[in-house]
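Trainee: sequence plus predicted model, see below.
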2 protein chains.
Amino acid sequence: MKKQSYDVVIIGGSAAGLVAAMTTKSFYSNKSVLVIRKEEKVMIPCGIPYIFGTLGTSDKNILPDGGLIKSGVEIKVAEVTKINKDEHDLVLKNGEIIGYDKLVIATGSKPYVPKFITGTNLKNVFTIPKNKDYLDVLNNELKGLKKIAVIGAGFIGVELSDELVKNGKEVSLIEVEDHILEAAFDEEASVIAEEMLINRGVNLINCAKVTAINGSNKVESISFEDGKTLDFDAVILSIGYRPNTRLAKESGISVNDMGFIKCDTYMRTHQEDIYTAGDCAQKRDFITGRLTPVMLASTACAEARVAAMNLFELSTIKTFNGTISIYSTSIGDTAFGVAGVTEKRAIKEGFKINVGSFKGMDRHPGVLNNGHYQLVKLVASKNCGLIMGGEVIGGVSAGELTNVLGFIIQNKMTISDLLCSQIGTQPMLTASPAAYPIIKAAEAIAKQMMK
Amino acid sequence: MKKQSYDVVIIGGSAAGLVAAMTTKSFYSNKSVLVIRKEEKVMIPCGIPYIFGTLGTSDKNILPDGGLIKSGVEIKVAEVTKINKDEHDLVLKNGEIIGYDKLVIATGSKPYVPKFITGTNLKNVFTIPKNKDYLDVLNNELKGLKKIAVIGAGFIGVELSDELVKNGKEVSLIEVEDHILEAAFDEEASVIAEEMLINRGVNLINCAKVTAINGSNKVESISFEDGKTLDFDAVILSIGYRPNTRLAKESGISVNDMGFIKCDTYMRTHQEDIYTAGDCAQKRDFITGRLTPVMLASTACAEARVAAMNLFELSTIKTFNGTISIYSTSIGDTAFGVAGVTEKRAIKEGFKINVGSFKGMDRHPGVLNNGHYQLVKLVASKNCGLIMGGEVIGGVSAGELTNVLGFIIQNKMTISDLLCSQIGTQPMLTASPAAYPIIKAAEAIAKQMMK
């Protein structure tokens, strides 16, 4: 069979694959680039929960191909079954062979279905994969179902529950930990989010371990570890995702103990001319230096940019130096954001820290229309004052305020730096310059450092 | 007369005075602090334009004293007539003498009334000082007046015009330069702001130099250099502000050629134990290193924090290293922000630069409700890629997006740094991670740098 060859082949067409392809074309415009992906139409990953309420359909949540096509990237809808790393080629399911000079593996992640819950193969048990056909079936099936159990209260579970309630469903959000969003936020923020979800009609069940999904052929109820049973029409599992690295493993690409493809700060795998980016790529925490399983579309995009820029020419100033885990979400008009480590995680890791908070308004004077309270919490290293993390609760501008925190952490700024920082303020757009929450929270920590 | 003494005396009660006092109490809690200010009630400076529309009254725009009182700062409403720097004391208008160990001069600024316009002493010619009594008179007088000329289309002039139109006035905004907001923005942004103001009912008159305000005892018309005359009931001068440093000059405090009080990076004046902060304090541009007359409440607050922290113990890591000029404003639902230097100013100063822009949506997918387009323009040094400035147009989150730019500039980040940066994104709160406008604008510049 005639072997077609490309300078760059990217396996995977979601956030990381798209950005890797676009960036390659930006930095190496004369190279031929092929994206091989399984899906005809690709979902915007973070938009998926909104299909089930605000958007109403997956057709409004499609990652557009226009940019790829315009920049000359070729797209092939196919499944790769083998990477021949020595031969520098790939085998597709139909037997076709594609050669590459450089390869980027961006195969993403897939929903985790835990073995400790029985009955996950029953009808009306769903997961949330990044697959349009599956999501269309799910959205359609849900139309006839009323009582929905969402198991797992991370970002996807929380956003999905809120959307399903908007859509008239009776939703129970079930979390094994003490609080929702436990992995991302400290308790104060989780409690506020919980109150909001309850007020919006979500039935919250915390500290509850599901052991079984019951039913003759379709979901009828779920059982908990404490013996309780509750009736449901459907179950959606949102317990997390696992790196989709079977192809890599089977092809002899090195994978770490958590199942992620091993890589360096240039996003090179241990195998020659093979790079990786996105949910399937190994991640180290920016603060702790440890391996972490955090998966975020924004991290994926940063990794993909770094991988692509270093494909044909390494640059020591274009590296990925660990994931900062910058998240945000919103419930109604309230936004929740976090960057870096939380207080509880810093303590668990063994850091000595100081913590400071400030609550104000996101307008000044606060009486201006459409103002929202704004709460910032900072976590700083006790001895040097380095900002290790922060949390934000506020209105719609809290998403970008979380990005301000992200840049503060990325630049290794300290409490002293923040106290001397300049910000821009405007009555309709931000807090007052005398009460900018990041600086006031830094001041609260500075007071503790003087003691 | 018995002389009362304080460890720290601050002259001026606006943004800089307030923050200097609060910060002193935060860092030196056992020191006695007195704020001497002329006004019984202090205006929130940036909120002033909104008194004439959205807020309706100055009573909703008062900088609260609660924080000062709670932290043990004393407030005295009085006018200082002399600083005796050798004796370390102040003379008040009533003859009272107040001793100080450390003094902070935060006397702010006052509206500029140009000599090249005649008739500025006529009735119904107003300025916009930060004085409640004056603003109350103005707000009251305007009730009976219909046709208002606002002369000077900086931030105050633009915001004021928009508010007056909301309030049913016929407003002409008159600017001597080619475009409104000429000092802050490049032409593209100014043109968009102009279109919006016109659509909202403001009569814009650019490239127009006013030579005279005419009337027998009150305003009847204004005359332009080209001989034209237009009828008005009132004129509001918003041509800028000048540092209020008469007291300093008369007391032998060193003042620069632009009239600002000379100071170093610790905000110390050239006179022992005297510090300064805010609109009256000398400013250097963070990028150009040159003296600049830019006045911003947020800059004032940063200077005040630095001054206060260094009052009794200098810290080499708590300095003010030049003003970045981070501004923002909003017209309707559209926000405009800028940080650092604009393209035209960079060129005028003699920098070799690259410029890159990106326009996208502040939600993803963009079809989500309440989305607003978001445009980012970056200015970077041609040889090293250092980010020197940026402009933002967007929705309400553009205020904080401008602060993201501010932290990028403060941390001397380069195009390469931005290309590897991590950001947090969420459908309801931000642009897509694959199309985050700051990073895409950086990519546009990176492409130029490769040529």
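Mentor: Received it, and whenever you're ready, just let me know what you need.

Trainee: could you find the closest non-adjacent residue to A:N167?
Mentor: A:G53 (4.8 Å; Cβ to Cβ, 6 or more residues apart in numbering or on different chains). Any C-beta I mention is one placed from the backbone N, CA and C, and that applies to glycine too.

Trainee: residues in contact with the one you found?
Mentor: Neighbour list for A:G53: A:162-167 [criterion: Cβ atoms under 8 Å, 6 or more residues apart in numbering or on different chains].

Trainee: how about 6 Å then?
Mentor: Contact analysis of A:G53 by Cβ atoms under 6 Å, 6 or more residues apart in numbering or on different chains lists A:163, A:166-167.

Trainee: which residues does stretch A:417-428 contact?
Mentor: The contact list for stretch A:417-428, computed with Cβ under 6 Å, 6+ apart, reads A:364, A:433, A:436, A:439, A:442, B:46-47, B:50, B:298, B:302, B:305-306, B:318, B:324, B:326-330, B:399, B:402-403, B:406.

Trainee: from chain B, how far off is A:I317?
Mentor: Distance, A:I317 to chain B, using Cβ to the nearest Cβ, to the nearest Å: 5 Å.

Trainee: next one: A:E400
Mentor: When A:E400 is compared with chain B (using Cβ to the nearest Cβ), they lie 4 Å apart.

Trainee: for A:L237, grab the count of nearby residues.
Mentor: 22 (other Cβ atoms under 10 Å in any protein chain shown).

Trainee: wait, doesn't it sit right on A:P129?
Mentor: No: the criterion here is Cβ atoms under 6 Å, and A:L237 misses it with A:P129 at 10.6 Å.

Trainee: mind pulling up the pLDDT for the spatially most central residue of chain A?
Mentor: Centroid-nearest residue in chain A: A:L296, 2.5 Å away (criterion: Cα atoms, centre = their mean). pLDDT recorded at A:L296 is 94.

Trainee: same deal with A:R37?
Mentor: pLDDT for A:R37: 98.

Trainee: quick check: chain neighbours aside, which residue is closest to it?
Mentor: A:G13 (2.9 Å).

Trainee: my guess is that neighbour contacts A:K38, does it?
Mentor: No: using Cβ under 6 Å, A:G13 makes no contact with A:K38, being 7.8 Å away.

Trainee: look at those two and report which has more neighbours.
Mentor: Remark: of A:G13 and A:K38, A:G13 carries more neighbours, 27 against 16, as counted by other Cβ under 10 Å.

Trainee: give me the sheet partners of the host helix or strand of A:L173 and which way each runs.
Mentor: Using DSSP states H and E, A:L173 sits within strand A:170-174. If you go by DSSP bridges, strand A:170-174 pairs up with strand A:147-151 (parallel), strand A:203-205 (parallel).

Trainee: in the first one, what's buried?
Mentor: I take that to be strand A:147-151. Neighbour counts over strand A:147-151 (16 or more other Cβ atoms under 10 Å in any protein chain shown) mark A:147-151 as buried.

Trainee: mind listing the helices for the stretch 51-200 of chain A?
Mentor: In the stretch 51-200 of chain A, the segments counted as helices under DSSP state H, counting those that start in this stretch are A:66-70, A:132-143, A:155-166, A:187-199.

Trainee: and of those helices, who's closest to B:I69?
Mentor: Of all the helices of the stretch 51-200 of chain A, helix A:187-199 sits nearest to B:I69, with 27.9 Å by Cβ to Cβ.

Trainee: for chain A, give me the ranges with low pLDDT.
Mentor: A:1-2 (pLDDT under 70).

Trainee: if we use 50, what do you get?
Mentor: Within chain A, the segments meeting pLDDT under 50 span A:1.

Trainee: okay, now the domains of it?
Mentor: A:4-110+A:242-309, A:125-239, A:335-450 (automatic domain parsing).

Trainee: which one of these is the most hemmed in?
Mentor: domain A:335-450 (a mean of 23; mean count of other Cβ atoms under 10 Å in any protein chain shown).

Trainee: got the end-to-end distance for it?
Mentor: End-to-end span of domain A:335-450 (Cα to Cα, to the nearest Å): 33 Å.

Trainee: what's the spacing between it and its chain's center?
Mentor: Distance of domain A:335-450 from its chain centroid, counting by Cα atoms, centre = their mean, to the nearest Å, is 22 Å.

Trainee: list the contacts of stretch A:163-175.
Mentor: A:49, A:52-53, A:146-151, A:153, A:161, A:200-206, A:208.

Trainee: for A:F320, grab phi and psi.
Mentor: The phi and psi values for A:F320, taken as degrees, to the nearest 10, are phi -110, psi 110.

Trainee: that one: neighbour count?
Mentor: Neighbours around A:F320, by other Cβ under 10 Å: 25.

Trainee: what about the residue nearest to it when sequence neighbours are not counted, is that helix, strand or coil?
Mentor: Nearest residue to A:F320, sequence neighbours excluded (Cβ to Cβ, 6+ apart): A:V306, at 4.4 Å. Here A:V306 is recorded as helix under DSSP: H, G, I helix; E, B strand; the rest coil.

Trainee: check contacts around A:V306.
Mentor: A:V306 touches A:267, A:318, A:320, B:420, counting by Cβ under 6 Å, 6+ apart.

Trainee: leaving out chain neighbours, which residue sits closest to A:L135?
Mentor: A:S58 is the one closest to A:L135 (Cβ to Cβ, 6+ apart), at 5.1 Å.

Trainee: pretty sure the one you found contacts A:Y134?
Mentor: No: the pair A:S58 and A:Y134 fails to qualify as a contact (Cβ under 6 Å) at a distance of 9.6 Å.

Trainee: please name the nearest non-neighbouring residue to the closest residue to chain B within the stretch 201-350 of chain A.
Mentor: Residue of the stretch 201-350 of chain A nearest chain B, by Cβ to the nearest Cβ: A:I326 (3.0 Å). Setting aside the residues directly before and after it, A:I326 is nearest to B:G424 in space (Cβ to Cβ, 6+ apart), at 3.0 Å.

Trainee: how close does the one you found get to A:S381?
Mentor: 22 Å (Cβ to Cβ, to the nearest Å).

Trainee: one more: A:I128?
Mentor: In this view, A:I128 and A:S381 are 37 Å apart by Cβ to Cβ.

Trainee: swap in A:S421?
Mentor: 18 Å.

Trainee: now do A:F224
Mentor: 40 Å.

Trainee: same check, this time on A:S298
Mentor: 25 Å.

Trainee: A:S29 now?
Mentor: Using Cβ to Cβ, one obtains 43 Å as the distance from A:S29 to A:S381.

Trainee: please apply the same query to A:Q426.
Mentor: Distance from A:Q426 to A:S381, by Cβ to Cβ: 32 Å.

Trainee: for A:A302, grab phi and psi.
Mentor: phi -60, psi -40.
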